[in-house]
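Visitor: my questions are about this predicted structure, shown below with the sequence.
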Amino acid sequence: MFDTFFYNPIYNLVVLLSDYIVDAGVVIIIATLIIKIILFPLYRRQIDNQIATKKAKPHLEALNKKYKGRVLTPEENQQKMQETLALYREHQIKPFSSLFILLIQLPILIALYWVFANGGLPEVDKSILYDFVRVPEKISMTFLGIFDLNAKSYFLAFLAAASQFLHLSISMPEVKFSDLKKKPESNLKEDMMNSFQVNLKYGLPVFIFFILITAFNSAVAIYWITSNLFQAFQEFLVRNKKKELKEIKF
């Protein structure tokens, strides 16, 4: 099922593009951008849900404070649930929207990733090609005449790590190293969240660099760079159009 609905279509897209573009690295960039553009409306819906949740946060906190500090009876639990659902309806919050959007995007992104991670080029698997997709006469696995896509590249791995940091800096603009310091007014939950955000923003790029120079080829690095730059652009674009997002701290 995964191959039929996700992997095979994306593989055919890559082969189809390769029939017109010899450089496999450029094909990776274009294929990644096409998939990201298709998924962009889902991203916008996710952002709208985040804004609605942010606006409702003070009301939800007040509701939790109302019932805090005592054991609730079944009737009170039901009343609290009804009041919570009423707030969701009032602010048009869809609590499972983000999860649903993630479940839609995840197999597509995994398929796109594995097409490049498996090194499916320059040898083409004819058994999974659609009738209208031809086998390209030539596929160059040297990106821009410099980088061997089947080999590892420290330079491209560094660019992938840098692009990851750029994306996180735009999507998590308020997260700083100083957030690791415990504040007198903070609680355990806030300290753990701050620690997670700081480690994600500064640790993930380092992890990306390490894994790209040890486990994956340059084709994956180009996919990662393209994906991060597109996501950084869409974050910048959406956040500048929606003022409510500028104060959201992930």
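Guide: Arrived safely. Residues are numbered from 1 along each chain as shown.

Visitor: drop to CA atoms for contacts and neighbour counts, all remaining ones
Guide: Will do.

Visitor: list the helices and strands the host helix or strand of Ser195 packs on?
Guide: Assigned by DSSP states H and E, Ser195 belongs to helix 188-214. For helix 188-214, the contact count by 3 or more Cα pairs under 8 Å, 6 or more residues apart in numbering; DSSP states H and E identifies helix 154-171, helix 218-241 as packing neighbours.

Visitor: including distance to Met193, mean pLDDT and mean neighbour count, could these go into JSON lines?
Guide: Listed next are the helices and strands packed on helix 188-214 as JSON lines, based on distance: least, Cα to Cα, whole Å; pLDDT from 0 to 100; neighbours: other Cα atoms under 10 Å:
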{"stretch": "helix 154-171", "distance to Met193": "16", "mean pLDDT": "91", "mean neighbour count": "21"}
{"stretch": "helix 218-241", "distance to Met193": "21", "mean pLDDT": "85", "mean neighbour count": "20"}
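
Visitor: out of those helices, flag the one nearest Asp48.
Guide: helix 218-241 (10.1 Å; Cα to Cα).

Visitor: so where is the chain shaky, pLDDT-wise?
Guide: By pLDDT under 70, the low-scoring segments of the chain are 97-99, 101-102, 105, 119-120, 173-191, 194, 239-250.

Visitor: which one's the longest helix in this structure?
Guide: helix 24-67 (DSSP state H).

Visitor: may I see the buried residues of whichever helix or strand comes after that helix?
Guide: Moving toward the C-terminus from helix 24-67, the next helix or strand (DSSP H and E) is helix 74-90. Across helix 74-90, burial judged by 16 or more other Cα atoms under 10 Å covers 80, 84, 87-88.

Visitor: closest one of the residues you listed to Ala160?
Guide: Tyr88 (38.7 Å).

Visitor: run a quick neighbour tally on Ser18.
Guide: 25 (other Cα atoms under 10 Å).

Visitor: wait, it touches Ile29, no?
Guide: No: under the criterion of Cα atoms under 8 Å, Ser18 makes no contact with Ile29, lying 11.7 Å away.

Visitor: okay, now Lys54: neighbour count?
Guide: 19.

Visitor: quick one: it from Gln92, how far?
Guide: From Lys54 across to Gln92, the span is 12 Å (Cα to Cα, to the nearest Å).

Visitor: still on that earlier bit, find the pair from the buried residues of helix 74-90 with maximum spatial separation.
Guide: Lys80 and Tyr88 (12.4 Å).

Visitor: and His59, what is it in contact with?
Guide: By Cα atoms under 8 Å, 6 or more residues apart in numbering, His59 lies in contact with Leu87.

Visitor: repeat that with 7 Å
Guide: Contact criterion Cα atoms under 7 Å, 6 or more residues apart in numbering gives no residues in contact with His59.

Visitor: again, but for the one 4 residues further on
Guide: Contacts here follow Cα under 7 Å, 6+ apart; on that basis Leu63 touches nothing.

Visitor: over to Leu149?
Guide: 141-143, 217-219.

Visitor: again, 10 Å this time
Guide: Taking Cα atoms under 10 Å, 6 or more residues apart in numbering, we find Leu149 in contact with 24-25, 116, 119, 121, 140-143, 216-222.

Visitor: list the contacts for Val27?
Guide: Contacts of Val27 (Cα under 10 Å, 6+ apart): 13-21, 33, 139, 143, 223.

Visitor: how near is it to Asn12?
Guide: 12 Å.
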